[in-house]
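In: I would like to see how this sequence folds:
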Amino acid sequence: MSPAPQTSHPTSAGSSKKKKAKSDVMEQVDQVKDEIQSMHSDAMSCHDHKHKHFIAKLDVKSEHNQDLKKYDWLHANHEHETSQATVSHQRLQETKDAEICLHETDIRVHEAHLLVLEKEAGTL
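Out: Residues are numbered from 1 along each chain as shown. Model prediction:
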């Protein structure tokens, strides 16, 4: 038995062009998908940078507010300490003034007593 002759199916030129066109379209679709993926990645990166920038600004603002509160507290504390020191100094000054007045009164009493003693001594 002789082998059967192989018949080749000739590929039509139209079918080849369709496959080529389909292949070209698939390449273009893949390129568009890649571009979309890249744009999406860029958008996410931009969003991430904006978010980090916002967080950094928020941190700085928060630190600034904490610094302001700390400054206000220190200022109020300093004013309170100054006020307390003024009151303390005023009380101490009043006490010293009273002691001086008491000593001056003691001196006058002693001087008056001395005069009395001198008059008694003069009459003897």
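
In: mind checking how far the residue nearest in space to the middle of the chain is from M44?
Out: Taking C-alpha atoms, centre = their mean as the criterion, E63 is the residue nearest the geometric centre of the chain, at 1.1 Å. For E63, the distance to M44 (C-beta to C-beta, to the nearest Å) stands at 28 Å. Using the backbone N, CA and C atoms, a C-beta is placed for each residue, glycine as well.

In: and the helix or strand where the residue nearest to the centre of the chain lies, what does it pack onto?
Out: According to DSSP states H and E, E63 maps onto helix 13-123. On a contact count with 3 or more C-beta pairs under 8 Å, 6 or more residues apart in numbering; DSSP states H and E, helix 13-123 meets no helix or strand.

In: distance between that helix and the chain's centre?
Out: 8 Å (C-alpha atoms, centre = their mean, to the nearest Å).

In: pLDDT of it, averaged?
Out: Averaging pLDDT along helix 13-123 gives 94.

In: how much space separates H75 from A43?
Out: H75 is 47 Å from A43, by C-beta to C-beta.

In: typed the wrong thing, it's H80
Out: 55 Å.

In: same thing with E118?
Out: Taken as C-beta to C-beta, the span from E118 to A43 is 110 Å.

In: and Q93, by the same measure?
Out: 73 Å.

In: also L117?
Out: Counting by C-beta to C-beta - L117 and A43 are separated by 109 Å.

In: ditto for R108
Out: 96 Å.

In: repeat that for V29.
Out: 21 Å.

In: same question, V60
Out: In terms of C-beta to C-beta, V60 sits 26 Å off from A43.

In: next: K96.
Out: K96 is 78 Å from A43, by C-beta to C-beta.

In: do the same with E120
Out: Applying C-beta to C-beta, the value for E120 to A43 is 114 Å.

In: H89 too?
Out: From H89 to A43 the distance is 68 Å (C-beta to C-beta).

In: just H53 next, same as before
Out: 15 Å.

In: what does L102 give?
Out: L102 is 87 Å from A43, by C-beta to C-beta.
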